[in-house]
Each structure stands twice: as C-alpha cells, then as structure tokens.
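>>> Based on what follows, work out the 3D shape:
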Amino acid sequence: MGFFSSLFSAAVSAVATVINIAVDVASAVIDAISEEYKNAKEKYKDVDIDGLKKRRFEQLVEVNNEIIDLDRKNRIDGRLSDDDQLRLDALNVERRDLRKRIDAAKEYEVATDMAEHSSDYDINLVDPNNPNELTRLGGQVVMGKLCARCNRPMTIRWRTDVRNPVITDLFWGCTGFFIRGDDNKPICKKTMNFTQQEMRLFGHIGKPGMELPAENLNKIVLKPETSSHIKGKLKEAVYEVTEDYLCPVHHEKMSLRTKSEAVDILDLYFLKCSRCDQMVKIKSATQLDAVLESFNGSGLFSS
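So this is what the prediction gives:
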C-alpha cells in the first residue's frame, strides 16, 4: 500500500496539510503526483481505502491489547515463556506493519486531494520569524520524516514555555523519545534542526489567518469572546478521537482533553493516548486552528 512513499522525498503530514519536497516548480509536482495517483486509482479501484484504513485501526487496537497483556504478564512473572516471547515479537512486527499500512492509506488520501484540487496547492516559503505553517503541525506524527538514528517517525517540537516560536526554536524530535526502554530511559533522543530545504513547503495555500504574526494570533484567541467561541465549538469534541494525532507508541488515535485548572485557552487543551501517558499540548493559536479543523472541519478563521 505504500505506493507514494518513494514519490514524497520528505514529509507528508498526518492532516494532509504539508508535503515537503526538494523541487522548485509546483506544477511539476502536481503533474508527477497526479500521474502516480491515476495509476494507483486504477490499480485499487475495487478497494475501499477508507474502510480498509478503519479496519487497520481496529486491528491495531486488538494487537495493542495483546501486547499489553503480555507486557503485564512479563512484569508479574519476571519473564515470558519461549512461546509468549515469540508471540510478543510477532505482535510487535504486526504493529509496525499496521502502522505502515495506515500511513499508506493516509498518503493515498493526500494524493487524492492534491490530484483533484491541484489549484489549492503551491509552494510556500516559511517565514523564519513566523513559521506558522510548521507550528500548526506541532505534535503530529509526520509521515516520511524518519529519524536518522532509529528510523522512527519524527515530530515538530519546541519548548513548552515558548508561545511565539521562531524557526530556531523549532526542531524535529524522534518519537522514540516517548518510548521507554528496559532502563526506563527514552530509547532515542535524536533531534534535528530544520534545513533550508524544509523551509520550502508544498501544500495548501491561503490558510486563513496564517499570514498574521504568531503573537497576534495568540492575542486574538486569548480575548475572552474568542476563547468562549472556541470552547463552544470544541465542547462536543472533548473525549472524541482524531486520526490527525496518533500516539507515538501505540499509533492509536488520540482524544481531545482539557485541563481542570488551565491558565487560559492556550493552556486548556491537549491530546491524550488512552493507553499511556503520551500527550500533545495545544499551546499555540496555530495548533488550535489545526484542532478546530480536525474536529469541526474548519479552522479559526474559516467560515
């Protein structure tokens, strides 16, 4: 199912927002992806991609259930039998395979949108002092951007105390950081700075409001009337899940949660895995825009 993996040379976001590629001409990209999509569409014309993706997520839940049971058994007994260890190894391989298949289905969805709405896409140059296109994706697992050390997916991150990050505040962080080894330490701490190539993003153009300085966007959402409006739009979404944010450990959909004692709306929301303590803090207006789009279909300034 990974028929677009070789076509995209860097990052395909889980929300079909950004595709980062080393080219200068948008029309050439559209032509290449449209041709690849046309071939894939014909090849998989009898396959229900959305239904297949749904079943993969359901299978992933079953696999995680069994892995957790075996991990619990190992903790209680101090060891696993040879048969149980073999089963655990097989389940971990199956989980990786399911993750790849789910990501491939997402790639197909990205390519579908690009092929059918090509005029909505173009090359965007990221402003180093106002990298809204990147902070909007904060916390999302980015397909195709893999850790150079362990080959796990990477996420866009910055320090939690920085509300108006510039490009030098951002970095790629390996999702292995959130997975603990036998010594209870992160199994990978690899980070990478953004390259000049990654400042040229190919994706949706004209996201309303993203041209404003991050500081201004944050001030807008912090206004009482705006905060109240956003809370109203997200009220029914609390505890609902979205595939735009996946747990880096279990790859299951994360659910929207709220803090009981938040300082303001930029301290209120976070995405949480139901299996473990993995979470994504929604700490910027651009991330709020992405969350609103995930659960409501429209962002901060969309009609």
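
>>> For the stretch 1-150 of the chain, which segments count as strands?
18-19, 121-125, 141-146 (DSSP state E, counting those that start in this stretch).

>>> Least confident of those strands, on average?
Here the strands of the stretch 1-150 of the chain differ in mean pLDDT, and the lowest is strand 18-19 at a mean of 36.

>>> need the longest helix for this structure.
Assignment by DSSP state H gives helix 82-116 as the longest helix of the chain.

>>> Let me know the average pLDDT across it.
Helix 82-116 comes out with an average pLDDT of 89.

>>> Can you point out the buried residues in it?
Buried positions in helix 82-116, judged by neighbour count with 16 or more other CB atoms under 10 Å: 88, 91, 94-95, 98-108, 110-112, 114-115. The way it works is simple: take the backbone N, C-alpha and C, and place the C-beta from them, glycine included.

>>> And the helices in this structure?
With DSSP H as the criterion, the chain has helices spanning 26-43, 49-77, 82-116, 132-135, 214-222, 224-234, 285-296.

>>> now the ones you listed in a markdown table, with distance to I179?
Putting the helices of the chain into a markdown table (distance: least, CB to CB, whole Å) gives the following:
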| stretch | distance to I179 |
| --- | --- |
| helix 26-43 | 32 |
| helix 49-77 | 13 |
| helix 82-116 | 12 |
| helix 132-135 | 24 |
| helix 214-222 | 30 |
| helix 224-234 | 29 |
| helix 285-296 | 23 |
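
>>> Lowest mean pLDDT across the ones you listed, which one is that?
helix 26-43 (a mean of 73).

>>> so what secondary structure elements neighbour that one?
If contacts are counted by 3 or more CB pairs under 8 Å, 6 or more residues apart in numbering; DSSP states H and E, helix 26-43 sits against helix 82-116, strand 121-125.

>>> quick check: angle from the shortest one to helix 82-116?
When axes from the mean of the first three to the mean of the last three CA atoms, to 10 degrees is applied, the directions of strand 121-125 and helix 82-116 differ by 100 degrees.

>>> From E252, how far off is K54?
Per CB to CB, to the nearest Å, K54 is found 13 Å from E252.

>>> Contact partners for A237?
256, 295-296 (CB atoms under 8 Å, 6 or more residues apart in numbering).

>>> Repeat that for D267.
Counting by CB under 8 Å, 6+ apart, D267 has contacts 259, 283.

>>> Could you check the pLDDT of it?
So D267 comes in at 94 (pLDDT).

>>> can you check A14 too?
30.

>>> mind starting the numbering at 44 from now?
Sure thing, new numbering starts at 44, so read that last one as A57.
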